[in-house]
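Asker: fold the following, please.
(one chain, ligands or ions: 1)
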Amino acid sequence: MSVRVVARVRPLLKSERELDVILRTGSSTQVMPGKCDKSSEEKGALAALRDRDTLVRIPNPKNESEEYSFQFNAVYDAEASQQELFDAEVAPTVKHLFNGFDVTLFAYGVTGTGKTHTMRGGKSLADRGAIPRLLSSIYRRSRKMEKDSDGETSVNVSLSYYEIYNDKVFDLFEPPEKRTLAGLPLRDNGGKTVVVGLTERPCHSLKEFESLYDQANTNRSTSATKLNAHSSRSHAILCVRVAVSTGDKTRISTASAIDLAGSEDNRRTDNDKERMVESASINKSLFVLAQCVEAISKKHSRIPYRESKMTRILSLGQNNGLTVMILNLAPVRSYHLDTISSLNFANRTKKIEVREVENEPMFKGPPRPAARPSMTTLRQPLRPLTASVNVNLTAAAKDKDTTKTLEKPTKAFHVYSDKSHPRITVQFKKPDAPKRTSLSSDISRLSTKPTRLTQPAHQPQNHYDDISAAKIEEMVEKKVEEILAVRAVSEQSRQTQVRELNKQVQRRLELLEQRIEGTEDARAEGLSYLLMAKQHQARGEDSFALRMYQLALPYFPNNEKLSKKIATLKERMQGKSRQDADTTGTITLPGAKRDLGSMLSIKKQPAKTNLKRLAEDSDADYEEQQEEEALEQFSDEDLQEIARSRRKKRTRTKTPIDDDVDVNEQPPSPRTVHLLSIINSRDISQIKLLKGVGAKKAEAIVDCLCEMDQHTANPDDEARVHISSLAELSKLKGVGLKSVQSMRNGVLV
Ligand SMILES: Nc1ncnc2c1ncn2[C@@H]1O[C@H](COP(=O)(O)OP(=O)(O)OP(=O)(O)O)[C@@H](O)[C@H]1O
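Answerer: From the prediction side, this is the model:
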């Protein structure tokens with residue numbers, strides 16, 4: 001017997017529009033799956049039509065004027081109720097379950113197409129899904145059996161319920177805290193795959209079932225995705241073990257109800273990292289499922305059951321019993337390609353033949369000889385249906401002669417386009433097709449091939465015969481899904497790498513910026529000193545000029561011109577003081593030297609580090625040359641321009657710390673040096689321009705300084721009192737800390 005495959009098209013959701021409906025069901029009349037008010041007469045007509053509905057029609061995504069038709073054992077449209085579906089598809093299997101047949105019931109479909117609704121359903125009586133209805137039916141039948149046998153027959157029902165999440169098996173009857181990372185292991189036991197350590201709960205009534213089932217479902221991995229607010233992220237498998245005992249004979253059969261996680265296209269889901277990993281695992285297991293189905297239908301000797309846990313446990317087609325697959329479909333355009341992919345999968349599933357073998361009764365007491373020839377108890381190999389139709393379950397159950405089934409002439413399913421395709425016989429006949437090199441070349445090669453329908457009847461059969469447009473679509477889909485799954489995983493690791501790389505690059509950039517900024521700052525600072533030196537020199541204030549040149553020196557350590565300038569200036573000053581001594585008959589007091597020394601001691605040491613590093617650089621020569629040029633080429637205007645730009649920068653980066661002047665700053669900043677040089681110049685016209693100092697205050701400062709000068713031994717220019725720090729300045733008469741701060745802040749360097 002083949003797997004019975006039925007399609008169920010869900011109604012439109014609130015967010016979907018009637019306009020976007022692309023699926024049609026029914027063979028002759030167009031039945032749109034959207035919800036609409038119909039008269040009871042129309043409803044009756046529709047119900048009658050549904051009885052005959054076996055087709056799902058969908059436009060060709062590449063050419064909407066064409067339509068693909070897929071035939072199923074039955075098709076349920078949006079109007080079909082839960083009760084209707086159960087009565088027609090699930091209820092008939094219960095009888096077989098009690099007769100010793102295993103029953104497998106599963107829902108397949110893209111995420112958000114109604115699998116959970118179909119299997120589990122809602123809370124209201126009318127909305128209950130196939131699983132609670134199945135259990136209700138099992139208990140009803142058990143009670144009837146027990147009653148009819150006057151207590152001779154007893155039925156025991158027990159449940160196990162587990163999920164396969166990220167290809168790991170977890171017991172849903174156990175709270176998530178009890179889960180181990182690796183999940184439960186699988187073992188092969190007498191040809192069947194069993195989950196080791198799975199809890200089995202005896203369950204005596206429907207009420208008990210409902211509480212167990214509801215509790216277990218809270219342990220299931222679900223989460224919100226863009227396509228479904230309560231998306232199942234795992235395959236959930238409920239196993240109902242029914243043991244019917246009469247006397248010393250017990251027959252055990254199992255009904256397995258599987259709510260598969262939905263396949264999904266991550267381009268549509270906007271899934272985050274975790275969802276992507278789940279999605280990759282879901283897609284992989286469904287992909288393996290599809291591959292198994294295909295391998296069986298193509299009579300391949302190797303069926304890749306073991307490649308995912310889900311296919312290994314499900315062992316589709318390997319089970320002895322009845323299998324019903326409900327293909328859930330969404331009617332709207334946004335699911336177009338997904339729907340075609342699901343329809344193709346379902347069609348392949350129909351080719352799987354499931355041998356319907358009754359489970360052997362078990363006897364209490366000593367072992368008895370086998371009731372049947374041993375061959376029948378072995379697992380039957382899967383065989384694709386090459387020439388059979390999907391058979392009525394009841395009829396097939398009666399008829400165990402499989403050879404009769406095999407003789408049936410019609411194909412198990414049909415996929416055909418209602419319009420014929422153009423013939424491209426030249427390409428089709430090409431004997432030396434290029435070797436496949438890549439997916440794209442593969443696709444382009446395939447897409448030029450005609451479908452089987454376009455071939456003339458007399459043409460000899462070859463391996464291209466099976467390639468129809470739908471098949472190509474399906475191959476492309478499959479490849480794309482495969483690539484997407486691999487990409488989803490590799491993309492994550494690539495993004496992590498890129499992020500790490502970006503961080504490193506950013507760090508390097510910041511270091512470089514700091515280095516360049518540091519270098520530029522030091523250079524600009526040096527140039528400021530040069531500017532001030534030139535200004536002092538122009539005013540004939542050689543001693544101040546000398547100090548400024550000396551302050552500039554650490555910034556241009558290898559600059560010979562600057563060293564020469566300093567030496568010349570020193571000589572000139574010494575010559576001048578010698579001259580003065582000659583003319584006045586006095587000797588120069590060491591005050592100048594002292595002052596010079598104190599000023600030199602405030603050289604900016606940190607800059608040396610920068611300069612040292614610069615000197616060590618491979619392009620140190622270039623730097624040196626630049627400094628030379630700075631001295632040679634910078635006119636006063638240039639230097640002023642540099643100072644201006646520096647001022648701007650300072651103003652931009654001015655912080656509250658600038659206002660909070662450290663009167664004991666070590667070494668003094670250029671601003672402080674400049675302020676002190678103005679004060680020491682005793683030039684009222686300049687001092688009065690300082691911030692917060694008017695003409696009166698300037699006069700007072702100069703008076704104070706002159707008074708102090710008079711107390712020195714030799715009040716000549718070089719030996720006058722010299723204010724060398726802000727602290728000293730703040731102690732002058734009429735000058736407090738506040739006015740020092742204000743003066744300093746107003747100084748522009
Ligand atoms: N036949 C139906 N009648 C009414 N509502 C339906 C039907 N089928 C599905 N729905 C609604 O569609 C939405 C998605 O359904 P559901 O959660 O069952 O999808 P799913 O295929 O299980 O998705 P996933 O694979 O992400 O878990 C739900 O809001 C559900 O109530």
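
Asker: closest point of the stretch 151-300 of the chain to the ligand, which residue?
Answerer: Ranked by C-beta to the nearest ligand atom, the top residue of the stretch 151-300 of the chain for proximity to the ligand is G262, at 2.6 Å. To be clear about C-beta, it is placed using only N, CA and C from the backbone, and glycine gets the same treatment.

Asker: quick one: that residue from K733, how far?
Answerer: For G262, the distance to K733 (C-beta to C-beta, to the nearest Å) stands at 89 Å.

Asker: so for the two, which sits in the more crowded spot?
Answerer: Higher neighbour count among G262 and K733: G262, with 28 against 11, using other C-beta atoms under 10 Å.

Asker: please name the nearest non-neighbouring residue to the more buried one.
Answerer: T111 (2.9 Å; C-beta to C-beta, 6 or more residues apart in numbering).

Asker: right, and that neighbour touches D259 too?
Answerer: No: T111 lies out of contact with D259 (C-beta atoms under 8 Å); the separation is 12.0 Å.

Asker: show me what the stretch of helix or strand V6 belongs to is in contact with.
Answerer: Following DSSP states H and E, one finds V6 within strand 4-9. Outside strand 4-9, the residues within contact range by C-beta atoms under 8 Å, 6 or more residues apart in numbering are 23, 25, 33, 56, 70, 72-78, 80, 85, 89, 114, 118, 322-331, 343, 346-347, 349-350, 390, 393, 413.

Asker: pull the CA atoms of it into CSV?
Answerer: In CSV, the C-alpha atoms belonging to strand 4-9 read as follows (Å, rounded to 0.1, in the frame of the first residue of the first chain):
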residue,chain,number,x,y,z
ARG,A,4,-1.9,8.1,1.6
VAL,A,5,-1.2,11.7,0.7
VAL,A,6,-3.8,14.4,1.2
ALA,A,7,-3.5,18.1,0.8
ARG,A,8,-5.0,20.7,3.0
VAL,A,9,-5.1,24.3,2.0
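
Asker: quick one: average pLDDT of the helix or strand Q495 falls within?
Answerer: Here Q495 sits within helix 469-538, counting by DSSP H and E. Per-residue pLDDT over helix 469-538 has a mean of 72.

Asker: one more: stretch 687-703?
Answerer: Here the average pLDDT along stretch 687-703 is 88.

Asker: list the buried residues in it.
Answerer: Within stretch 687-703, the residues scored as buried using 16 or more other C-beta atoms under 10 Å are I687, K688, L690, V693, K697, A698, A700, I701, V702.

Asker: between these, which is closest to S725?
Answerer: Closest approach between the buried residues of stretch 687-703 and S725, by C-beta to C-beta: I701, at 15.3 Å.

Asker: gap between that closest one and the ligand?
Answerer: 84 Å (C-beta to the nearest ligand atom, to the nearest Å).

Asker: equivalent analysis for L134, please.
Answerer: For L134 relative to the ligand (C-beta to the nearest ligand atom), the value is 17 Å.

Asker: quick one: contacts for that residue?
Answerer: Counted by C-beta under 8 Å, 6+ apart, L134 has contacts F86, V90, V94, L105, V240, A255, A257.

Asker: grab the two from those residues that are most spread out in space.
Answerer: The widest separation within the contacts of L134 (C-beta to C-beta) is 14.9 Å, between F86 and V240.

Asker: against which helices or strands is the helix or strand harbouring S160 packed?
Answerer: Using DSSP H and E, S160 sits within strand 153-165. Using 3 or more C-beta pairs under 8 Å, 6 or more residues apart in numbering; DSSP states H and E as the contact test, the elements touching strand 153-165 are helix 130-148, strand 168-171, strand 201-202, helix 206-218, strand 235-246, helix 273-297, helix 309-314.

Asker: most tightly surrounded among those?
Answerer: helix 309-314 (a mean of 23; mean count of other C-beta atoms under 10 Å).

Asker: please parse this structure into its domains.
Answerer: What the record gives for the chain is the domain set 4-30+45-361, 520-578, 670-712+719-746, from the TED database.

Asker: quick one: those domains as CSV, columns for distance to A485 too.
Answerer: Supplementary listing: these in CSV, determined by distance: least, C-beta to C-beta, whole Å:
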stretch, distance to A485
domain 4-30+45-361, 5
domain 520-578, 52
domain 670-712+719-746, 65
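
Asker: what sits closest to S730 if chain neighbours are left out?
Answerer: V740 (4.5 Å).

Asker: how near is the one you found to L675?
Answerer: Distance from V740 to L675, by C-beta to C-beta: 8 Å.

Asker: common neighbours of these two, please.
Answerer: L726, L729.

Asker: follow-up on the earlier one: tell me which of the helices and strands packed on strand 153-165 sits nearest to A524.
Answerer: Proximity to A524 (C-beta to C-beta) singles out helix 273-297 among the helices and strands packed on strand 153-165, at 47.7 Å.

Asker: wait, S725 touches S669, no?
Answerer: No: S725 lies out of contact with S669 (C-beta under 8 Å); the separation is 11.7 Å.

Asker: list the contacts for the closest residue to A346 other than its chain neighbours?
Answerer: Of all residues beyond its chain neighbours, the one nearest A346 is L327 (4.3 Å), with distances taken as C-beta to C-beta, 6+ apart. Shown in contact with L327 (C-beta under 8 Å, 6+ apart): V5, V6, A7, R8, F72, Y108, G109, S342, L343, F345, A346.

Asker: same thing but at 10 Å, please
Answerer: 5-9, 56, 70, 72, 75-76, 106-109, 113, 115, 118, 339, 342-343, 345-347, 349 (C-beta atoms under 10 Å, 6 or more residues apart in numbering).

Asker: sweet, I'm off.
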